[in-house]
Structure formats: structure tokens, C-alpha cells
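Visitor: need coordinates for the below:
(2 chains)
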Amino acid sequence: MDFTLSEEHLMAQQMVRDFAQKEIAPTIKDWDRRHETNPAVLPRMAELGILGINIPVRYGGQGFDYITLALVCEELERVDTSLRVIMSVHMGLNSMALLQWGTEEQKQRFLVPQARGEKYAAYALTEPDAGSDPVRLRSTARRESDVYILNGEKMWISLATKAHNILVFAKTDPHAEPAHKGITAFMITRDMKGVTTGDIHGKLGVRAGSTGWIAMQDVEVPVENRIGEEGEGFYIAMSCLDNGRYTVGAGAVGLIRACLEDSVRYANERVTFGQKIGHHQLIKQKIAYMQQWYDAARLLVLRAGWMKNMGQRNTRETAVAKWFATDMSVKAALEAVQIHGAYGFSDEYDVERYLRNAKGAVIYEGSSEIQQLIQADYALGYRKDRPLRCELPAYDPEFWQNEG
Amino acid sequence: MHVVVVTKNTPDTAATVTVKGDGTIDWGDSLVVNPWDEYAITEAVLLKEAHSGKATVLTVGTDEHQEALKHGLAIGCDQAIRVWDGALDGCDSLGYAEAVAAAIRKLGDVDLVIFGRELADIATDQHVYQVARKLGWTMLGYVAKIQALDVAARSITVNRLTEYGTQTVRSTLPAVISVVKDINEPKYPTFIGIRKAAKAEIPVWSAADLGLDAAALQPRTQQLRYQELPKREGTVEIIEGATAQEKAAKLIDRLIEEKVL
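Guide: From the prediction side, this is the model:
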């Protein structure tokens, strides 16, 4: 067993770390305070190639592996969750779905510009009345000759007002039995007639990130924009989550690291009872736990990444990584605030932002409760992986790096 | 057009550096590309792109400096060369310059050599001038902008940052320049560059490869010891007063009393 990261991994990680630390960290607190998204972030991530990191070069990407995606997410969320969210929706939930399910024509039309960062991408499954139970979704897609007419409303959609391409799920057969077989996936573009979007304000965390709603009113979507077969949407949606959750888990690892690093720095500065607080056993205990959570969460995420590289199904392993890493990031953030005392309770330090941001990730992309059900169902034998018509391709350096 | 950028790794500027009892220094564990060289590497890549030329990143040192070379490749340099030989172990800046100059001569078609303004660890830049002297080329230090580079006409025009203002200088090529941070915004490595750098096998040129006599590399100066600067001790005194004017007056009195003014 080899735990070594390659030179490529380390250099890519360092590059993204430098970008996030130099260009985002100095002003992120102000953007977060103002509940605004820094408009320079997406174009800059596009320009640097981050938005296509693990997409094959032949599809406009950078040709790195799935492990690099995790390292990138860790570095981004080390600075702010809003940066990693971009990777979750643009890459994990949308671009990787195209890589897995898209036809060659769809890859050329949607994936290439997304991987190049010329177009931004989002994913719209959740609705006002359908979150953990997506089969309840009410959006409909009615076929009329060579178009589908989409109607419905999507909610809590990251980059809703920024993305050009949005992967939406709607029912082509609202009366299907079982109901999940009536769902179909479509790539809509935000400029289509009948699509309106807006931002949601008043969030507890990820305030520098864009979260919104999408309304579709008689939106004509060409048949060529249907991703996968009719009725295959639920399987596509779930496979997207195998990748989205991976990025969320990897980001949470970065958030734990943020809590740990900031706490270590503070514990080596702040003095109480005649010594730096790092010398007090109760502070040491908190630091020790953060280190343990970081190591364990990171290993779980990297195992899932390794499985992706190998082309192995990783639904359970990704889910457990996401569950553990995000739960521990909440705990780490709580402890980081505690270590910082009253300063941690104010936004003079970053740890209160970490705590507010951490709370989102135990809810979105499968709440911690859903992740627990998944683990239990696998263990009890109630759930088994079935082969998909299209699996996420294993990482093949030759294929990924050649111009094609 | 062939531009060579000379770089090395230096201790991380964020690291804690300690002078030990025996006069040697513990530089900390991590090394980074000499921060000033970030500008030099970027400038080399910008020039090679603008002039459809070639950029080479060069270092003299052990494999500890490999990362600086890989960084140069990842940013866009076409090739990297490391010069090392046991005979260079413990060499002084003159020996270092001898090796750099010999490598540049071996490359043969070099028009311009770029250095960062100094080495961040020991705050020295004499090696830059020594390289120019060894090559017999013009030396332009503290360059803040390359106004024009005309390879065909063998000329370079630069703005130099001096204590008294900006000086515009034109020189013939080939030349050696050192750059300050006004010259550009350092580039990040590109992902394609990273992959190229990770795969690159970097050649190591020995003293024999460069036709250098070990005797010429013998240090003529020796570093005897480092010494910690005496610790500055200070106290805080808060000047009280009813009005700002009263406080200011008291402050001035105190400063005069302490012979600061």
C-alpha cells in the first residue's frame, strides 16, 4: 500500500494553495460580511484551469486525476467554503456527470467549454418541497416532438444566478411506479426562454457563495439536451452525488485543517495562568482531536479518490467520507471557537466563519442522517450497488493527458 | 532569443530562523523558491512568450534546489539545468559565479540572464555582479521594467529603480539583469506546466562538464560564524492628557528628554 502523493499532486496542491491564500484569503472576510460573492473568483479559477482540473485534456480539462480534485477542494475550503462549493457543483455534480453519462456530442457541446472555464455549471435536483427525498420532486418535462417542455421550481441551487449550464431533473412520467423511474435529466442553459433565477439571502453560512432558486416556465429543451435515457434521471442524480459528496468531504477536510491551524497558532500566542494556552491539557485535548479528525477524514476521502481512479464503485465509501468529514468539521469548528474564547465568538477571527460554513455541509448533498441510513443499509444488506449503464471512467493517464 | 533565469531555493520566509551557539544557523525545515526569483522566472517566461524564444532555468546546488527548477518549468521555462559538483561544496559567491558563467557559456546562445534582486536568506546580490563580470557582459541591477528588447539589434532598454528615482538605460546584448518586484506579477504554475515539470528529468552538469578546474572553485572567503542580533527590549508608556494637544506636547517633551528628537 502506497500513501505517497505524486510530485504532480503536490505541485498542483501548492499552486491552488498559493492562489487561495494570496488572492482570496486577504478579502474573504469582507465579502462574507457583506453576503456578497467576489465577482473575480470564478473567472480567476477558470483562467488558472482549476475548473477543469480532472477532466481529460481532450475535453478541455487539465488531465489530472480524481485525487487531485480532492486536494484542490481541501486547499480551497481551507480558505473559504464558497470556493469549494464552486468545485462541487461545477465539477462534481455537473462536469463529471457529462464525463460519465454524456454522449460524445454532449461532451463537445457542454463539457469542453465547462472544463475550459468558458461556461460555469450547476446542478438542480432539490426543490422547495423535495430535499432528502428527491423522488418527491414536482418539476415536469413533457415531450412535444423534438423538444421537452419543462416546468417547475428548484431551490438551494449553488451558482443558480452564475451558471450558464444547469443539470436539472424533472419528471417525464409523474405517475411512474416506482416513482424514481419517472425522472429524467436535462441540461438547460440559463438563457433559455422561461428560465428565471435569483439569489437566496439570509443564510447562516457560505455567505460569500452564491445560492439561489431557479424557476422554469414552459422552457423548451431540445431532445439533444437530455442527459441519459428517459427515466434514467434518478440514477444519474445519485451518481452525481457520488462525485459531489466526494468534493464536499474533501472540502470538509480543508475546513478541519483550517480549524486546526488557526487553533494551533492561537494556542501558541494566547497566555493564561502564566503560560501559553497550548500548554494547558484541556486545550491540548481539543488540538489532538482535531488532528485525529483531520487524519481520519482525509484518509477516508483519499480512499474514495483512489477507488475513483481505479474505476471502482465508491458510493458507500464516498458517503462515509462525506458524513465523517463534514460532521467532524462542525466539531472542529466548535472547538476552534472555544479555543479562541470571546475572540472566536467575534468575526475578528476566522473561526466563527468556519463554524457557520461547516453547518451547511452536514445538510446539503445528503444530510448526515441520510449518510447514516446509507451506511446502515449497506451493512444490513438492505442496499446493494447495481451496475450503472454508464460508470464513471477510471483514471487513465494516457487517455486523460492526450490531446485526442 | 534565449533567456536564462538563475534561481535557487531559500528557507521559507515564514520559518523561524535560529542562530545556534556554535555560530551556525538553523534555517528551519522547509525551502521555497527564493521569493525574488519568482519575479525573475515570470519575467523570463513573459519574454520568451513575447519573443517566441526559449527560457532556461538554471541553478547551482544540490538536489535541495530541484524544486526551484521544477517551479521554473511549471511556470513555463522550456528546460532546466542543475549544476553540481563536490568541488562546489562550500564555495563562495565567486566560485558560484564561476559555475553559473560556465553553464551560460556552455548553453552558448544566451542573450539575457535574469536574477532576482538578491537571495532572501543571506540578503546578498554580489553573485549577480560577479556572474556579469565573469561573462564580461553588461550588468543592469534593480530593473523595474524592460522597456524594449530588440534581439536583432542586440539592444535592451530598461528602467532601473535607484535611490534617487527611475533611471532609463539602454545597453547592448547579451546582458545580465537583476529584477525588483515592480517588474511583474509573479505567475502561478500552469497545470500543464506542472505535469511537464513532474515528468522532467533534469540534467546535472558537473565541473568537468563545464570545463571548470576544481581549484578555480576553491573558496577565497570563509564564513566564520553568524551572530544573533542583540534582542531589542522595549517598554510601552502611555502618554496621558486631557486634550490631544496636551498629549502631543508631553510626547514631544518625552522624545526630547530621551534624545530621540
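Visitor: quick one: the helices in the chain?
Guide: Since no chain was named, I'll use chain A. A:7-19, A:28-33, A:41-47, A:66-79, A:81-86, A:96-101, A:104-106, A:112-115, A:233-267, A:281-310, A:315-345, A:351-361, A:368-380, A:397-401 (DSSP state H).
Visitor: my bad, chain B
Guide: Going by DSSP H, chain B shows helices at B:35-50, B:66-75, B:93-107, B:126-135, B:191-199, B:214-217, B:244-257.
Visitor: now the second one: mean pLDDT?
Guide: Yep, that's helix B:66-75 we're talking about. Per-residue pLDDT over helix B:66-75 has a mean of 95.
Visitor: residue A:176 versus the closest residue to chain B within chain A, what's the distance?
Guide: Of all residues in chain A, the one sitting closest to chain B is residue A:62 (3.7 Å; CB to the nearest CB). (Each C-beta comes from the backbone N, C-alpha and C, glycine too.) Noted for residue A:62: a distance of 40 Å to residue A:176, by CB to CB, to the nearest Å.
Visitor: neighbour-wise, which of those two wins?
Guide: residue A:62 (25 against 15; other CB atoms under 10 Å in any protein chain shown).
Visitor: who touches the closest residue to that one other than its chain neighbours in this structure?
Guide: Among residues not flanking residue A:62 along the chain, residue B:191 sits closest, at 3.7 Å (CB to CB, 6 or more residues apart in numbering or on different chains). Residues near residue B:191 by CB atoms under 8 Å, 6 or more residues apart in numbering or on different chains: A:12, A:15, A:49, A:53, A:62, A:63, A:64.
Visitor: where does pLDDT dip in chain A?
Guide: Of all residues in chain A, none has pLDDT under 70.
Visitor: can you list the residues of it near chain B?
Guide: Selection of chain A residues close to chain B by CB under 8 Å from any CB of the partner chain yields A:6-8, A:11-12, A:15, A:18-19, A:48-49, A:53, A:62-64, A:401.
Visitor: so which of the residues you listed is the closest to residue B:252?
Guide: Closest approach to residue B:252 among the residues of chain A next to chain B (CB to CB): residue A:18, at 46.2 Å.
Visitor: how many residues are close by the closest residue to that closest one other than its chain neighbours?
Guide: Nearest residue to residue A:18, sequence neighbours excluded (CB to CB, 6+ apart): residue B:188, at 6.2 Å. When neighbours are counted by other CB under 10 Å, residue B:188 registers 22.
Visitor: list the contacts for residue B:188?
Guide: A:15, A:18, A:19, A:48, B:75.
Visitor: wouldn't the third one be in contact with residue A:48 here?
Guide: Yes: under the criterion of CB atoms under 8 Å, residue A:19 lies in contact with residue A:48, with a separation of 6.1 Å.
Visitor: which of the contacts of residue B:191 ranks first by neighbour count?
Guide: Ranking those using other CB under 10 Å puts residue A:12 first, with 30 neighbours.
Visitor: residues contacting residue A:96?
Guide: A:54, A:240, A:243, A:392 are the contacts of residue A:96 under CB under 8 Å, 6+ apart.
Visitor: could you measure from the last one over to residue A:378?
Guide: Residue A:392 is 19 Å from residue A:378, where distance means CB to CB.
Visitor: neighbour-wise, which of these two wins?
Guide: residue A:392 (22 against 17).
Visitor: any idea how far the more buried one is from residue A:54?
Guide: On the measure of CB to CB, residue A:392 and residue A:54 end up 11 Å apart.
Visitor: what of residue B:260?
Guide: For residue B:260, the distance to residue A:54 - CB to CB - is 60 Å.
Visitor: these two: who's more crowded?
Guide: Taking neighbours as other CB under 10 Å, residue B:260 and residue A:54 compare with residue A:54 leading, 28 against 8.
Visitor: pLDDT at the residue nearest to residue B:255 when sequence neighbours are not counted, what is it?
Guide: Distance criterion CB to CB, 6+ apart; nearest residue to residue B:255, sequence neighbours excluded, is residue B:261 at 4.6 Å. Listed pLDDT for residue B:261 reads 82.
Visitor: thinking residue B:261 is in contact with residue B:251, fair?
Guide: No: contact criterion CB under 8 Å: residue B:261 and residue B:251 do not qualify, at 10.0 Å.
Visitor: more crowded one of the two?
Guide: A direct count of neighbours by other CB under 10 Å for residue B:261 and residue B:251 places residue B:251 higher, at 14 against 10.
Visitor: what separates the residue nearest to that one when sequence neighbours are not counted from chain A, distance-wise?
Guide: Setting aside the residues directly before and after it, residue B:251 is nearest to residue B:239 in space (CB to CB, 6+ apart), at 5.1 Å. Distance, residue B:239 to chain A, using CB to the nearest CB, to the nearest Å: 26 Å.
Visitor: could I get the contacts of residue A:96 in JSON lines, plus columns for distance to residue A:32?
Guide: Below are the contacts of residue A:96 laid out as JSON lines (distance: CB to CB, whole Å):
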{"residue": "A:54", "distance to residue A:32": "28"}
{"residue": "A:240", "distance to residue A:32": "27"}
{"residue": "A:243", "distance to residue A:32": "27"}
{"residue": "A:392", "distance to residue A:32": "33"}
